[in-house]
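[1] kindly generate the corresponding structure for this input.
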Amino acid sequence: MSISHQNSQPKSIALVANQNEIFYRLRMPWIQVLKENGFNVFAIVPSGNWNDRIEAGGAKHIEWKLSRSDRNPFSEIVTIFRLTKILRQIKPDVVQNFHTKPNIYAPIAAKLAGIQLSISTVTGLGYTFVDRRGLGAKLGKILNLSMYSLSNRVAGEVAFQNPDDMRLLRKYFGLSNSKGRLITGGSGVDVTEYQPNTRNSPQSIEIRRSLGIPQDAFVALFVGRLQLDKGLIEFVEAARIIKQKRKDIVFVVVGAPDPGNKRSVKTSMLKQWKSEGNVIFTGRREDVPHLMAMSNTITTPTFYREGIPRTLLEAAATGLPLVGTNMPGVREVIRHEENGLLIPTRDSKALADAVETLANDPIKSKSYGAASLSRAINEFNHRKVIGEYITMYKELWNRI
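    I've put the predicted structure just below:
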C-alpha cells in the first residue's frame, strides 16, 4: 500500500461513456454529487448537442471519437489509443466507465496511460447475451467474453447493477472471483424531479387533452428508444389485443427511433403502426416526468439485457405500478405482486393481461404504486447510489 494514499481520497475523476445525450441524461446528477464531494470531473464522451449543458453542469467535456456500431479491428484499436492519449493528458486519479465499449476499452486505455485506478460499471450485457441461436450469435458471445476477461483483469474493480450479469461473466470466465461488486439502484434517480400522485393535476389533465386521451382512461406508457429488442412489437400487439374489446385503456409510446442501432424500428414499420391507430406515438419528448405523472402504469416488455432500466426507476419515483418482463435488471426493480407484475418475454397476451389486471383493480394499482415510490426513495435515490461509488473510490484508492 502506498503511504501517500493512506487515509486520503482521489481528487479528480474521468467519467467515460459512449453517447453524448445518454451521458447528459444519466450522469449530470453524478457530476453534481461528485463535485459536492470535492472531485474535479472530466466528461469523456463523443461530441454532440449536449456538450454545453454537460459543461454548464460542472464537468470539463473532452471529445472521444467513438463509433457505437463499428466492428473494424483497426479502427477500434485507434479508438483505444485516442482514449489513452486523452487520459495521459488530463491524468485523472480515477477513471469510471459505463456501457459496453467503454467497459472494454477504458480499463485498457487507463492501464496504457498509467492511471492508477479504473472502475467499470456494467450497465447490462446487451443484445450479444440475449438467448439467440446461430453461429454468429455464438461467436459474438465468445468474442465479447474474451474482451471482458482482458479488460476486467486490468480494471481496479467491476461494479454491476444486477447479480445476473455478474454471475454470467463469472460462469464463463469473463470475471475473476477476486472482483465484482453489486451496487443496486442502477444509475440512481433524482426523486425530486418526479411528481407522484398528480394524475389529476391541471398539468396532467392538459397533457391528456393534448394527446386526445379521455380523462378517465387507463394509460399504459412505454418510454425509450424505439428498438425491437425493447419489446415494442409486443407492446403494439398488446394494444391491438386490448383495443378489440375495450376503449378505456390507452397505450402510449414516448420515444424516437435510434438510427445508430441496427435493431431500431424501421420507418416503414413505424408508419404502419401509426396507421393502425392502436397506439399513440408522441415521438421524442422532453417532458417525460409529466407524461409519467399523467399515466397509470409503465411497461417495460424488453428482452434486451439491461443493467437496470432507467425508465423503471423514473416510474417508481412517480409512484406508478410497474409491468415488465422477467429479465435481469427488470426484476431488480419489480417485485412481483408487490410493486408491479412480472411477465414472460415476447408474450403480447401476458402484457395485455397484466395491463388489464391493473386497470380492473384500482386498489391493487394504488398499493403497487405506493410500494414503487417507497423503493425509489429508500433504495434507488441517486445520492445513495453515487455515495456507494464514492465510498468505493476511497477504499480502492487507499489500497494502491
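[2] go through stretch 176-192 and flag the buried ones.
    Buried residues in stretch 176-192, counted by 16 or more other CB atoms under 10 Å: 179, 180, 183, 184, 185, 186, 187, 188, 189, 190, 191. In this view, the C-beta of every residue, glycine as well, is placed from N, C-alpha and C.
[3] residue 306: which of the residues you listed is nearest?
    residue 186 (8.6 Å; CB to CB).
[4] tell me the contacts of the closest one?
    For residue 186, the contacting residues are 123, 161, 307, 308, 309, 310, 313, 329, 332, 333, 380, 385, by CB atoms under 8 Å, 6 or more residues apart in numbering.
[5] quick revisit: pipe the buried residues of stretch 176-192 into a markdown table and attach distance to residue 112 per row.
    A markdown table is the format used below for those (distance: CB to CB, whole Å):
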| residue | distance to residue 112 |
| --- | --- |
| 179 | 20 |
| 180 | 23 |
| 183 | 27 |
| 184 | 32 |
| 185 | 32 |
| 186 | 30 |
| 187 | 27 |
| 188 | 31 |
| 189 | 35 |
| 190 | 35 |
| 191 | 40 |
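[6] measure residue 19 to residue 40 for me?
    Distance of residue 19 to residue 40, given as CB to CB, to the nearest Å: 23 Å.
[7] list the contacts of the lowest-mean-pLDDT helix or strand in the chain.
    Confidence across the helices and strands of the chain bottoms out at helix 135-154, with a mean of 81, counting by mean pLDDT, DSSP states H and E. With CB under 8 Å, 6+ apart as the test, helix 135-154 has contacts from 100, 103-108, 110-111, 118, 120, 125, 128-129, 158, 169, 172-176, 179.
[8] I'd like the next helix or strand past that helix.
    Counting by DSSP states H and E, the next helix or strand C-terminal to helix 135-154 is strand 157-160.
[9] neighbouring strands for that following strand, and are they parallel or not?
    If you go by DSSP bridges, strand 157-160 pairs up with strand 117-122 (parallel), strand 181-182 (parallel).
[10] point out the most buried one among the ones you listed.
    Across those, averaging neighbours per residue (mean count of other CB atoms under 10 Å) puts strand 117-122 on top, at a mean of 25.
[11] wait, isn't residue 278 in contact with residue 250?
    No. At 9.6 Å, residue 278 and residue 250 do not qualify as touching, with contact defined as CB atoms under 8 Å.
[12] pull out the buried positions in stretch 348-361.
    If you call a residue buried by 16+ other CB under 10 Å, then stretch 348-361 has these buried ones: 348, 350, 351, 352, 353, 354, 355, 356, 358, 359.
[13] what's it in contact with?
    For stretch 348-361, the surrounding residues in contact (CB under 8 Å, 6+ apart) are 218, 220, 231, 233-235, 237-239, 241-242, 248-249, 251, 296-297, 299, 301, 321, 323, 341, 343-344, 364-365, 368.
[14] re the thing from before, could you turn the buried ones of the contacts of helix 135-154 into a ChimeraX selection?
    To isolate the buried ones among those in ChimeraX, judged by 16+ other CB under 10 Å, type:
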select :100,103,104,105,106,107,108,110,111,118,120,125,129,158,169,172,174,175,179
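[15] which ones among the contacts of helix 135-154 map onto strands?
    Mapping those onto strands (DSSP state E) picks out 118, 120, 158.
[16] as JSON lines, these with distance to residue 271 would be great.
    Output for these, formatted as JSON lines (distance: CB to CB, whole Å):
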{"residue": "118", "distance to residue 271": "45"}
{"residue": "120", "distance to residue 271": "40"}
{"residue": "158", "distance to residue 271": "42"}
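[17] can you tell me which of the contacts of residue 186 are buried?
    Buried members of the contacts of residue 186, counted by 16+ other CB under 10 Å: 123, 161, 307, 308, 309, 310, 313, 329, 332, 333, 380, 385.
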